[in-house]
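1. kindly return the folded structure for what I paste below:
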Amino acid sequence: MPFVRKKVESFPWPVEISKPSEDKPGEFETSSFTIIFKRLAKSKLEKFGEMNEVKALEQVVTGWSDITDEAGEQIPFSTKTLKEFGDDIDFITAVMKSYQDFYQGAQAKN
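-> Numbers count the residues shown, from 1 in each chain. Coordinates of the predicted model:
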């Protein structure tokens with residue numbers, strides 16, 4: 001397959017998020033969703049680690065699916081909603097880990 005260089009690359013990536021269980025003390029519940037990441041240029045990726053986490057995610061998250069509210073309604077992606085999720089440490093940790101896993105996995109295969 002030939003290599004196709006694109007100016008902007010976005011890709012779906014799975015995210016697993018663990019939160020303390022509301023029903024089982026001392027246990028965690030894991031759920032998952034899909035996030036759409038924008039691949040950064042090398043120059044921007046080098047600065048990525050210096051940003052605060054919410055600003056960093058604003059640079060790379062372009063969408064998501066399978067995120068719902070308590071009533072089961074889909075929460076559409078928007079920059080405003082992403083900022084609101086910025087106070088959720090479990091969300092931030094899971095998304096940042098998934099982004100790092102993608103790059104580490106891609107480098108390991110090379």
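2. only C-alpha atoms for contact and neighbour calcs from this point on.
-> Fine.
3. give me the low-pLDDT residue ranges for the protein?
-> 8, 105-110 (pLDDT under 70).
4. in a strand, that's where I17 is, yeah?
-> Yes - according to DSSP: H, G, I helix; E, B strand; the rest coil, I17 belongs to a strand.
5. quick one: what helix or strand has E84 in it?
-> Following DSSP states H and E, one finds E84 within helix 79-85.
6. quick one: the strands in this protein?
-> Taking DSSP state E as the test, the strands found in the chain are 10-20, 28-38, 61-65.
7. can you tell me which of those strands is most buried?
-> Mean neighbour counts were compared across the strands of the chain using mean count of other Cα atoms under 10 Å; the top stretch is strand 61-65, at a mean of 19.
8. re earlier: let me have the strands of the chain in TSV, extended by distance to P76.
-> What follows is the strands of the chain, written out as TSV (distance: least, Cα to Cα, whole Å):
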stretch	distance to P76
strand 10-20	15
strand 28-38	12
strand 61-65	8
